[in-house]
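**Q** Need coordinates for the below:
(one chain, ligands or ions: 1)
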Amino acid sequence: MTSSPKILGLSGFGLTVPDLDEARRFYTSFGLDSTQSAQGVFLRSPGRQHDEIAIFPGREKRLSHLSFFIDPSTTEAFAERVAREGIAVKDNPGRAGAAPGLWFQEPWGMWIHLNPMRPEPTAACPMPAENTGTSQRRVNVHLWQEIDRKRAPLRIGHMLMFTQEWEKVEKFYCDVLGFRTTDRANGKVAFMAAGDGVIDHHCFGLINGTHRGLQHASFHVGGIDDIGFTAWKMREAGYKDGFGPGRHAVASNLFHYTRDPWGSWIECYADMDMIDDHWQPREWKSLPYIWGPDWSPEFWANDHNANLEPR
Ligand SMILES: [Fe+2]
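**A** Modelled structure (predicted):
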């Protein structure tokens, strides 16, 4: 008996929004490159080979699809695996401008795109020498003059989706797509990883909520200065509702969030825990960060009331 095919990681996601220009301004302010066509706006971290966010015009802001990498050699096996669930597999979600690959709607109606492409390696990101404790690695250097203040995000790293029936959704994503839950928190959040070998603690996650939607999308950046500069430039661009910096619990990553124009968040993060097959998932009961700003109950709340996604 052959094992089920597994997705290899997060490729990106799609949104509909009422104002494409506002979407392009927000995400390019964050540091993503954009292209625009008659169908929509497409965004990617500079240098990446595929679009990480696809934005289409819509009456309301809505998370419209999730996109995951699969090994191209598993495309047929995936089509069969999904069909065994009684789900129709298509080569297009009925939307012009959709990327090639396998498309289907999971049982709760979200379109899933399986992108037949192995994840690209993360680009090298040289870090400046640090002086820490008795280690003096930077002498006679004006770091503040030489530091690169405009480093762009390296890649999309993860996203969290809020949903009803989160445990049923978690089971479907594990059984059919091949995710594994790497930790759960507070009885309402599942962090999920994909791929083999040494991998990110999570590339996707679910939060129990009142309705479906994007809680946040997160882009990997080099380090704390890149987080600081990103927060700064978003504030300068007029996106003043920010949250951070801090260091998360559960996956230990440094973070800063900026509110998007429709109530969800975009995060930049660095220094996440990496895991391999020896990782043991646990149930945690803890705050979402070990240091950071004032505790925000919105973060893991049942009702994400600032999010403008329709219910
Ligand atoms: Fe995150």
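**Q** Phi first, then psi, for whichever residue of the stretch 101-250 of the chain sits closest to the ion.
**A** Among the residues of the stretch 101-250 of the chain, Ser218 lies closest to the ion, at 3.9 Å counting by C-beta to the ion. Heads up, the C-betas are built off the backbone N, CA and C, glycines and all. Ser218 adopts backbone torsions of phi -130, psi 130, taken as degrees, to the nearest 10.
**Q** so it touches Ile156, yeah?
**A** Yes. Counting by C-beta atoms under 8 Å, Ser218 touches Ile156, with 7.4 Å between them.
**Q** Beta-bridge partners for the residue of the stretch 101-250 of the chain closest to the ion, please?
**A** His158, Glu267 (DSSP bridges).
**Q** how close does it get to Pro72?
**A** 26 Å (C-beta to C-beta, to the nearest Å).
**Q** Looking at these two, which is more packed in?
**A** Ser218 (24 against 12; other C-beta atoms under 10 Å).
**Q** List the contacts of the more buried one.
**A** 156-159, 255, 266-269 (C-beta atoms under 8 Å, 6 or more residues apart in numbering).
**Q** What distance do you get for Ser37 to the ion?
**A** In this view, Ser37 and the ion are 29 Å apart by C-beta to the ion, to the nearest Å.
**Q** For that residue, give me its contacts.
**A** Ser37 neighbours (C-beta under 8 Å, 6+ apart): Gly97.
**Q** quick one: Thr182 is in a helix?
**A** No. According to DSSP: H, G, I helix; E, B strand; the rest coil, Thr182 belongs to no helix; its state is strand.
**Q** hey, which helix is longest across this protein?
**A** If you go by DSSP state H, the chain has its longest helix at helix 224-236.
**Q** in that one, what's buried?
**A** For helix 224-236, the buried set under the neighbour-count rule, 16 or more other C-beta atoms under 10 Å, comprises 225-231, 233-234.
**Q** Likewise for stretch 18-33?
**A** 20, 23-27, 29-33.
**Q** and what of stretch 3-21?
**A** Those would be 5-17, 20, for stretch 3-21 by 16+ other C-beta under 10 Å.
**Q** Could you list the residues in contact with stretch 92-105?
**A** 37-40, 42, 50-51, 54, 56, 65, 67, 70, 75, 78-79, 82, 87-91, 111-116.
**Q** could you redo the buried residues of stretch 3-21 as JSON lines and give each row pLDDT, secondary structure and distance to Gly195?
**A** Shown next, in JSON lines, are these (pLDDT from 0 to 100; DSSP: H, G, I helix; E, B strand; the rest coil; distance: C-beta to C-beta, whole Å):
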{"residue": "Pro5", "pLDDT": "95", "secondary structure": "coil", "distance to Gly195": "12"}
{"residue": "Lys6", "pLDDT": "97", "secondary structure": "coil", "distance to Gly195": "8"}
{"residue": "Ile7", "pLDDT": "97", "secondary structure": "coil", "distance to Gly195": "8"}
{"residue": "Leu8", "pLDDT": "98", "secondary structure": "coil", "distance to Gly195": "5"}
{"residue": "Gly9", "pLDDT": "98", "secondary structure": "strand", "distance to Gly195": "5"}
{"residue": "Leu10", "pLDDT": "98", "secondary structure": "strand", "distance to Gly195": "10"}
{"residue": "Ser11", "pLDDT": "98", "secondary structure": "strand", "distance to Gly195": "12"}
{"residue": "Gly12", "pLDDT": "98", "secondary structure": "strand", "distance to Gly195": "16"}
{"residue": "Phe13", "pLDDT": "98", "secondary structure": "strand", "distance to Gly195": "18"}
{"residue": "Gly14", "pLDDT": "97", "secondary structure": "strand", "distance to Gly195": "22"}
{"residue": "Leu15", "pLDDT": "96", "secondary structure": "strand", "distance to Gly195": "25"}
{"residue": "Thr16", "pLDDT": "96", "secondary structure": "strand", "distance to Gly195": "29"}
{"residue": "Val17", "pLDDT": "96", "secondary structure": "strand", "distance to Gly195": "30"}
{"residue": "Leu20", "pLDDT": "97", "secondary structure": "helix", "distance to Gly195": "32"}
